[in-house]
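[1] Pasting a predicted model and its sequence here:
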Amino acid sequence: MKCKAYAKINLCLDVVGKREDGYHELDMIMMPLELHDEITIELAKEDVYSCNIEGLVMDETNTVVKSVELMRKTFGLKEHFHVHIEKHIPAEAGLAGGSADGAAVLRAIRKLCHVDITIEELAQLGKQVGADVPFCVLSQCAIVKGIGEKLEPFDFSYPLHVVLIKPNKGVSTGKAFGMLDFHKCEHPDSAKVKEVLCAHEFEKLQDVIANSLEYSAFQLVPEIKDIKKDLLDMGFMSVLMSGSGSTVFALSEDKQLAQKAVEKYKKKDGYFAVITSFR
C-alpha cells in the first residue's frame with residue numbers, strides 16, 4: 001500500500017500558557033499542504049524500516065516506529081510490516097514531517113489490518129505518538145487547541161500559491177518553547193484569522209496572523225527574520241514562520257512572484273525552497 005503524508009503550516013500559533021504537566025496550551029490554525037512524503041507499507045515476516053534519507057534514525061523514537069507499535073499494542077495485532085519512507089518534507093522545519101509520516105502509518109495499518117476504529121478515534125489515538133499527529137491523521141483545515149488534540153475542522157478552498165523557504169539551520173522545538181517570553185511574543189486570535197481566511201479577505205490576513213514562537217526562533221536562527229522581511233518586501237500578501245520554524249511560508253495569487261522567490265532562494269547553499277498549495 002502506498003500513501004501520502006502531507007505537510008502542514010500554521011496560519012497562526014498562540015502559545016496560551018504553560019500547563020502543570022510541563023506541556024504548553026496552544027491555540028492555532030493548521031492547514032494541510034500538497035507537499036508530502038510518500039509511505040509504502042506492506043505485510044512482512046518481521047518489522048523492517050527504510051528511508052531514502054541516509055542516516056535517518058529509525059528506532060523507537062521515530063514516529064513511524066511508534067505508530068506501528070501503538071497500533072500493534074492497542075489492537076493486539078500479530079502482523080509485521082515493511083515501511084519505506086520517501087522524504088520530501090525537510091526536518092526541523094515546522095512542517096510536521098515526522099508527525100505526518102506517523103499519521104500516514106496509522107491510517108495505513110487501519111486499512112491493511114481492517115481495524116475497527118473511526119478516523120476521528122484514530123486521530124485521538126495518535127496523540128500518543130506526537131502532538132501534531134491528530135491533525136495529520138485528519139489532514140484538513142482546523143483550529144487546533146490544547147496540546148494538539150482538540151480539533152475544530154472547517155472548510156477552506158482557494159487556489160493560493162504557498163511558497164516555503166527554509167534556511168540551512170533548523171530550530172529545536174524544545175529550545176523554541178524554552179526561550180519563550182509570554183509578555184514579548186505575539187498572541188494571535190485564531191477565530192479572527194479563520195473569519196478573514198474564509199471570507200477570502202486576504203488583504204487583511206497579514207494584520208491578523210502571528211506566531212508566538214517567532215520571538216524565540218528569530219534569536220536562535222536570525223535568517224528566519226531576514227527571510228520574512230525579504231518576502232514581504234517582494235510583495236507577498238501574507239508571510240509567517242510555520243510552527244517552531246525554521247520554515248517561512250508566503251502566500252500569493254501571483255504564480256510568477258512565487259516562482260521568482262523560489263528561484264532566488266534555491267541559489268542559496270543549503271536552502272529548501274518550493275512552491276506548493278493547500279490541499
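    Ah, there it is.
[2] Show me which residues of the strand ranked longest in the chain are buried.
    Counting by DSSP state E, the longest strand found in the chain is strand 24-44. Residues 24, 26-33, 35-39, 41 are the ones in strand 24-44 that count as buried (16 or more other Cβ atoms under 10 Å). Every C-beta, even on glycine, is put in place using the N, C-alpha and C of the backbone.
[3] Point out the other helices and strands that it packs with.
    With contacts taken as 3 or more Cβ pairs under 8 Å, 6 or more residues apart in numbering; DSSP states H and E, strand 24-44 sits against strand 2-18, strand 80-86, helix 97-112, strand 142-146, strand 161-166, helix 190-198, strand 272-277.
[4] One more pass at 7 Å, please.
    The contact analysis (3 or more Cβ pairs under 7 Å, 6 or more residues apart in numbering; DSSP states H and E) places strand 24-44 against strand 2-18, strand 80-86, helix 97-112, strand 142-146, helix 190-198, strand 272-277.
[5] how far away is residue 264 from residue 227?
    Distance, residue 264 to residue 227, using Cβ to Cβ, to the nearest Å: 10 Å.
[6] How many residues are close by residue 75?
    14 (other Cβ atoms under 10 Å).
[7] Just the pLDDT at it, thanks.
    Per-residue pLDDT puts residue 75 at 98.
[8] Do I have it right that it meets residue 115?
    Yes - with contacts counted by Cβ atoms under 7 Å, residue 75 reaches residue 115, the gap being 5.3 Å.
[9] Which pair in the buried residues of strand 24-44 has the greatest spatial separation?
    27 and 41 (33.8 Å; Cβ to Cβ).
[10] More neighbours: which of residue 264 and residue 227?
    Neighbour count, other Cβ under 10 Å: between residue 264 and residue 227, residue 227 has more, with 25 against 15.
[11] gap between residue 90 and residue 259?
    On the measure of Cβ to Cβ, residue 90 and residue 259 end up 20 Å apart.
[12] ok, the two, which is more surrounded?
    Per other Cβ under 10 Å, whichever of residue 90 and residue 259 has more neighbours is residue 90, with 19 against 13.
[13] helices or strands up against the helix or strand bottoming out on mean pLDDT in the chain?
    Here the helix or strand of the chain ranked lowest by mean pLDDT, DSSP states H and E is helix 173-178, holding a mean of 90. Applying 3+ Cβ pairs under 7 Å, 6+ apart, we find helix 173-178 packed against helix 214-220.
[14] Just the buried positions in the next helix-or-strand element following the helix it packs on, please.
    Reading on from helix 214-220 to the C-terminus, the next helix or strand found by DSSP states H and E is helix 223-234. Neighbour counts over helix 223-234 (16+ other Cβ under 10 Å) mark 223-224, 227-228, 230-231, 234 as buried.
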